[in-house]
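Q: Got a predicted model here, sequence first, then my questions.
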Amino acid sequence: MAHHFANEIPTRLLMWRRVRQYAVPPSMIDTATARRAVGDWAGACAAARVDVDVDLRVVADRHGTGPAARIRADLRRLAPDLLRWHMPRVAPDGRLRPGLTLALARYGEPGAVPLSLVVRTPPAWADAGQRMSLAVWEGSGNDVPGRSPRVHPHPHPDRRFRLDLHRHLWDAERAGDLARRCGADGPPPAAPSERLDASLPRDGSWAVARWAAEAESLLRSEGLPPRGAFAVRLGARRRAVYELVAPDDSHAPALGPLREPLPPQEAAALPVLPEAAARALPDLELLRAGLIAAERLHPLVAGALAGSVPAAPPVASGVFHEPGDPHRVECRGEVHRIALRDGVLSAVDHDPVTLRREELLVALGGPALPCLRAIDGVHRSPEALPAVRERLGHGDVAGALDVVVGLLGPGAVLRDGPLREELVSAAARRVDHGLFRAGLVPEHPAAGARAGAAGAGDVPGARSTEADHRPRLDRRAPLSMRRKRNGVSRPRVGLPVAHPVF
């Protein structure tokens, strides 16, 4: 039975529902799955918008054929669409957590600094397209091959966000372990002891009952005794320290409080429970709350959770107009239709001569027909604009254009308004990502200019930020400034939908 919330749906679940709807479209899943099925792991990564910065020949030259063969085997098992599905995201838009280096697999002895297969996300100022990149991290501060890690703001693998202990979140062959690892099948683990301190979270977003088993795996992976202390990050500047206790090795460890508080330096050096283990699986929460149907999940996720959670009724997602579905407009005392004709949204109940006459009257300053006003409103700010924004924000440019073409027709010409501004802005932001990938802008240009101005002081010949340097605009810049810098003012210029500047 689906859970019902007493007051309202939690904000985090609303965010995850939007993420599941827009972030990984079915077309991406189908293409990546088909390419992976025939052994084309690079093609699957391209379909999932994952750039590959891995050269296996360089890995073999530096570390031998053994690690190179293991990395190749993991790349063949990698489901990049499943990895994107489970990647960490940030509120409120649900976009990929920016500037993150996340370990997928480590190749070496526990406790040592090993060779690692990592996935990276770009910084926030270059996140257009929501692309990711695969690389091999050596542990010495350099990647394999020799692309400088200084291009990325955080090149070292993150201690909190890591998936090397959760291969079922990216390995297609291990995806069936999802139900067991998230606690969806079988009886739930024993609840934590009441002796724990008040910092223990009690809301449903934390998988507290799984912490003991996950912490034991964490400690073993770090080469530490399976009975010891570990840390959990509970929020901004909030970290709790717990300990695994058991009478002997034959008993399963239980979560307990520390006997004595640790000094801050020792507490900071403790292993951190990965976020994938500390948090409850969002898909499981959505299913139990009845906010998503199982068929809308990723196929590998739905197959793993099948039978573990009762099926939820389909969730209504609002009104959606199929392509060619006519709009109804009251015009001159009658109900007229607006539909696609010859690839253009038209007022089908008016003859062409009348429409040309009315358009001329509008150009001369006269009032427009209700049908023409409705068409103009659909071009400038359609009802589907939020869906277009969501798709563009998550990098699904093809899906956004499909919505626009289905609404306005392939032969439509966009007019000035929010819809055109969103498409033009999305195209401009992709330039920032291209510069970041090329290594031409290793940090936000405005931040570098501020740092240079602060360090220059009164040094003669120092460049003035205001006089000589114009920081590059990003998506946080005001729209009027972006249009002034990136566009050329021309009256009544349309942007063809079928040939956007992407």
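A: That came through fine.
Q: And the helix or strand harbouring residue 239, what does it pack against?
A: Taking DSSP states H and E as the definition, residue 239 sits inside strand 238-245. Secondary-structure packing of strand 238-245 (3 or more CB pairs under 8 Å, 6 or more residues apart in numbering; DSSP states H and E): helix 211-221, strand 229-235, strand 254-257. (C-beta placed from N, C-alpha, C; glycine too.)
Q: Nearest to residue 306 among those would be which one?
A: Nearest of the helices and strands packed on strand 238-245 to residue 306, taken as CB to CB: helix 211-221 at 22.8 Å.
Q: Grab the nearest non-local neighbour of the most centrally placed residue in the chain.
A: The centroid of the chain falls nearest to residue 96 when counting by CA atoms, centre = their mean (3.2 Å). Distance criterion CB to CB, 6 or more residues apart in numbering; nearest residue to residue 96, sequence neighbours excluded, is residue 121 at 4.7 Å.
Q: neighbours of that neighbour, just the number please.
A: When neighbours are counted by other CB atoms under 10 Å, residue 121 registers 25.
Q: ok, back up a step: the residue nearest to the centre of the chain and residue 83: what is the separation?
A: Distance, residue 96 to residue 83, by CB to CB, to the nearest Å: 11 Å.
Q: related to what we said a few turns ago, contact partners for the residue nearest to residue 96?
A: Going by CB atoms under 8 Å, 6 or more residues apart in numbering, residue 121 touches 87, 96-100, 102, 127, 132.
Q: Strands - which of the residues you listed land there?
A: Under the assignment DSSP state E, the contacts of residue 121 contribute 96, 102, 132 to strands.
Q: Kindly reformat the residues you listed as JSON lines containing distance to residue 370 and pLDDT.
A: Compiled in JSON lines, those are given as follows (distance: CB to CB, whole Å; pLDDT from 0 to 100):
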{"residue": "96", "distance to residue 370": "43", "pLDDT": "96"}
{"residue": "102", "distance to residue 370": "53", "pLDDT": "95"}
{"residue": "132", "distance to residue 370": "47", "pLDDT": "96"}
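Q: tell me which of those residues is nearest to residue 407?
A: Of all the ones in strands among the contacts of residue 121, residue 96 has the smallest distance to residue 407: 27.5 Å, by CB to CB.
Q: out of the ones in strands among the contacts of residue 121, who's nearest residue 38?
A: For the ones in strands among the contacts of residue 121, the nearest to residue 38 is residue 132 (22.2 Å; CB to CB).
Q: Leaving aside the residues adjacent along the chain, what's closest to that closest one?
A: In space, residue 132 is closest to residue 50, 4.9 Å off (CB to CB, 6+ apart).
Q: now the contacts of residue 121: which count as buried?
A: Buried by 16 or more other CB atoms under 10 Å: 87, 96-100, 102, 127, 132, out of the contacts of residue 121.
Q: rewinding a little: between residue 96 and residue 83, what contacts are shared?
A: Joint contacts of residue 96 and residue 83 (CB under 8 Å, 6+ apart) are residue 132.
Q: Low-confidence ranges, the chain, go.
A: Within the chain, the ranges that satisfy pLDDT under 70 run 1-7, 109-113, 140-151, 186-202, 247, 249-250, 308-327, 340, 342-344, 442-502.
Q: chain center to stretch 210-222: distance?
A: Remark: stretch 210-222 is offset 27 Å from the chain centroid, using CA atoms, centre = their mean, to the nearest Å.
Q: count of residues packed around the closest residue to residue 381 other than its chain neighbours?
A: Of all residues not flanking residue 381 in the chain, residue 418 sits nearest, at 4.8 Å (CB to CB, 6+ apart). If you count neighbours by other CB under 10 Å, residue 418 ends up with 14.
Q: who's in contact with the strand holding residue 239?
A: 196-197, 199-200, 211-212, 215-216, 219, 226-234, 253-259, 262, 267, 270.
Q: buried subset of these?
A: Listed as buried from the contacts of strand 238-245 are 200, 211-212, 215-216, 219, 228-233, 253, 255-257, 270; burial here means 16+ other CB under 10 Å.
Q: how far is stretch 414-428 from where the chain is centred?
A: The mean C-alpha position of stretch 414-428 is separated from the chain mean by 22 Å, CA atoms, centre = their mean.
Q: Let me see the contact set for residue 369.
A: Shown in contact with residue 369 (CB under 8 Å, 6+ apart): 331-332, 347, 350, 358.
Q: for residue 183, same thing?
A: Contact analysis of residue 183 by CB under 8 Å, 6+ apart lists 189, 207, 209-210, 284.
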